[in-house]
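Q: structure for the following, please:
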Amino acid sequence: MLSKVNSYRKTTGFKLTFWYSAIFIASSLILLFFTYFSLKLSIRQNDHKLIQSEMEDYVADFRIGGISRLERALGEIKYKDSSGEDLFLVRLSDAKKDAVFLSIPQQWPAPDLKQLEEGPAKNKAGWSFIPSGGVKNTYEIFSKPLSPGLILQVGKLTVNSQELMGHFRAIFLQIIIPIFLIGFAGGVFLTFRALRPIRYLVNTMRLIIDTGEINARVPSGGRNDELQDLSRLFNAMLEKIEKLIKGMREGLDNVAHDLRTPITRIRGSAEMALRSEDNPENLKSALADCIEESDRILTMLNTIMDISEAETGAMLLNLQNVKISALIDEVTDLYSYVAEEKNISIRTSLQEGLQSVADRNRLQQAIANLLDNAVKYTPPGGGIDIQAFQEDQDTIIRIKDTGAGILPQELPKIWDRLYRGDKSRSQRGLGLGLSLVKAIIHAHKGHVEVASVSGEGSIFTVYIPGKL
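A: Residues are numbered from 1 along each chain as shown. Prediction:
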């Protein structure tokens, strides 16, 4: 039991609940304390204003008519007291600090007269706080010298303010427990709401791990916060992983299918050689077929490895200044004989002096693959146009053919490994050429685009940035 409690204390849910509750409770207590002391200060300031206002009235009477006018005003206090309005303690003392006049409301307890007689420092006005006899209240008294021989003191008993603050303290004590309960309940509720996307995420991950159901998704709510963004990103990652796994399965199926043919041929040639032990020519022919099919398998595997290295950023590029026109001329010369046999014209329009920083061999390999496809799928009598120019510091190479074109539904798939469209089934190939082109161009921080109309031809455009 104790171990479960200790483990729960380490969870994010407990920490969030604790901090939510602690912040709410602390904020509430701070607000209550601030309200309490603000109210107490406001009441005291209000009492001081009343006392000072009463003092100013008596000081005005003294300045107008002297001691006789002041005595008449003090004599009216008993009538004011009987009305029950604005009760004050009033005391007038002489130079010997003997009381010339003293008025204390009847319902008030008597103050400590010894402290009352002490008064303020000589010739200085000030406040005194004197306890009342037998009651836990104090008198707030303001003393002011009227003349070298007279001191006037006016004060109030704090009984009303003390009662009010006492009620406030009682209410404060009554709501402390509800504050703690509300703070804890609010912390649990907010933590539950805040961690809901995390729980969905954990449950989905556990389901995928336990069952292998990669098509499981995290439920998405209507909120638009960081945790919901995390859920959406996780779902997007699962979709991408699912597509990658599906592509890998299809790729493995295609590899298995494409490897089956050359391996079968190798086996057939080997069996034929075994049956023709006395015929050297048959043995040589069988070995030649085995070497040819082995080279085909090695080419496929090496191409797949090259694509993987480029896609993962591990392909090493020997970067140098490459003359694009010379490179394209070499590739064109290489395929000119095949094009002539099919009666296909290859036309070039190359910007003079065009250079780019690239790996010459890899770039030549990419352009050769594009030209090989163009020659392969262009019917006799067709044409291929190759352009190379610079635009905004980028090198652009465009290869346009009048071949069979690509169906719209196949355009997004032509870059996939080992994908071969319906029209390419009749042609000998591995289905890796365009994947390798894309991988090489991406390794150069560039990109390749295609536009095609079925039956009219295709345009492949390579963009190589000026700065890698």
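Q: only C-alpha atoms for contact and neighbour calcs from this point on.
A: Noted.
Q: mind listing the helices for this protein?
A: Taking DSSP state H, the helices of the chain run over residues 2-9, 12-75, 77-82, 113-118, 159-194, 196-211, 226-275, 280-311, 324-341, 360-377, 433-443.
Q: of those, which shows the lowest average pLDDT?
A: Comparing mean pLDDT over the helices of the chain, the weakest stretch is helix 77-82, at a mean of 51.
Q: about what we covered before: need the helices of the chain in TSV with distance to residue 415 and mean neighbour count, can you?
A: Below are those laid out as TSV (distance: least, Cα to Cα, whole Å; neighbours: other Cα atoms under 10 Å):
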stretch	distance to residue 415	mean neighbour count
helix 2-9	51	10
helix 12-75	45	15
helix 77-82	103	13
helix 113-118	101	13
helix 159-194	42	15
helix 196-211	30	15
helix 226-275	12	15
helix 280-311	11	16
helix 324-341	22	16
helix 360-377	12	20
helix 433-443	5	23
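Q: in JSON lines, list the ones you listed along with distance to residue 466.
A: Formatted as JSON lines, these follow (distance: least, Cα to Cα, whole Å):
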{"stretch": "helix 2-9", "distance to residue 466": "57"}
{"stretch": "helix 12-75", "distance to residue 466": "50"}
{"stretch": "helix 77-82", "distance to residue 466": "99"}
{"stretch": "helix 113-118", "distance to residue 466": "95"}
{"stretch": "helix 159-194", "distance to residue 466": "48"}
{"stretch": "helix 196-211", "distance to residue 466": "44"}
{"stretch": "helix 226-275", "distance to residue 466": "31"}
{"stretch": "helix 280-311", "distance to residue 466": "19"}
{"stretch": "helix 324-341", "distance to residue 466": "13"}
{"stretch": "helix 360-377", "distance to residue 466": "14"}
{"stretch": "helix 433-443", "distance to residue 466": "13"}
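Q: count residues in the vicinity of residue 456, would you?
A: By other Cα atoms under 10 Å, the residues close to residue 456 number 13.
Q: quick one: closest of the helices of the chain to residue 143.
A: Taking Cα to Cα, helix 12-75 is the member of these nearest to residue 143, at 8.7 Å.
Q: by contact count, what packs against that closest one?
A: Contacting helix 12-75 under the criterion 3 or more Cα pairs under 8 Å, 6 or more residues apart in numbering; DSSP states H and E are the following elements: strand 138-147, strand 150-157, helix 159-194.
Q: show me what the last one is packed up against.
A: Meaning helix 159-194. helix 12-75.
Q: next, the angle helix 159-194 makes with the helix it packs on.
A: 160 degrees (axes from the mean of the first three to the mean of the last three Cα atoms, to 10 degrees).
Q: closest to residue 414 out of the helices of the chain?
A: That would be helix 433-443 among those, by Cα to Cα, at 6.8 Å.
Q: contacts for the closest one, please.
A: Residues outside helix 433-443 that contact it (Cα atoms under 8 Å, 6 or more residues apart in numbering): 303, 306-307, 310-311, 313, 315, 362-363, 365-367, 369-370, 414-417, 447-448, 462-464.
Q: same question, stretch 394-409
A: Stretch 394-409 is contacted by residues 354-356, 370-371, 374, 377-379, 382-390, 423, 452-466 when judged by Cα under 8 Å, 6+ apart.
Q: need the pLDDT of residue 222.
A: For residue 222, the model assigns a pLDDT of 63.
Q: okay if I get the helices and strands packed on helix 12-75 as CSV plus distance to residue 274?
A: Below are the helices and strands packed on helix 12-75 laid out as CSV (distance: least, Cα to Cα, whole Å):
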stretch, distance to residue 274
strand 138-147, 124
strand 150-157, 126
helix 159-194, 74
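Q: quick one: which of these is nearest residue 54?
A: strand 150-157 (7.4 Å).
Q: describe which strands that closest one pairs with in its sheet and in which direction.
A: If you go by DSSP bridges, strand 150-157 pairs up with strand 89-93 (antiparallel), strand 138-147 (antiparallel).
Q: possible to save those as a markdown table with distance to residue 206, mean pLDDT and mean neighbour count?
A: As requested, the strands paired with strand 150-157 are exported to a markdown table (distance: least, Cα to Cα, whole Å; pLDDT from 0 to 100; neighbours: other Cα atoms under 10 Å):
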| stretch | distance to residue 206 | mean pLDDT | mean neighbour count |
| --- | --- | --- | --- |
| strand 89-93 | 79 | 83 | 21 |
| strand 138-147 | 70 | 85 | 21 |
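Q: can you redo the ones you listed as a markdown table with distance to residue 403?
A: Formatted as a markdown table, the strands paired with strand 150-157 follow (distance: least, Cα to Cα, whole Å):
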| stretch | distance to residue 403 |
| --- | --- |
| strand 89-93 | 114 |
| strand 138-147 | 107 |
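Q: looking at it, residue 208 is touching residue 214, isn't it?
A: Yes - if you go by Cα atoms under 8 Å, residue 208 and residue 214 touch, sitting 5.8 Å apart.
Q: most remote residue from the chain's center?
A: Centroid-distance maximum for the chain: residue 68 at 81.3 Å, with Cα atoms, centre = their mean.
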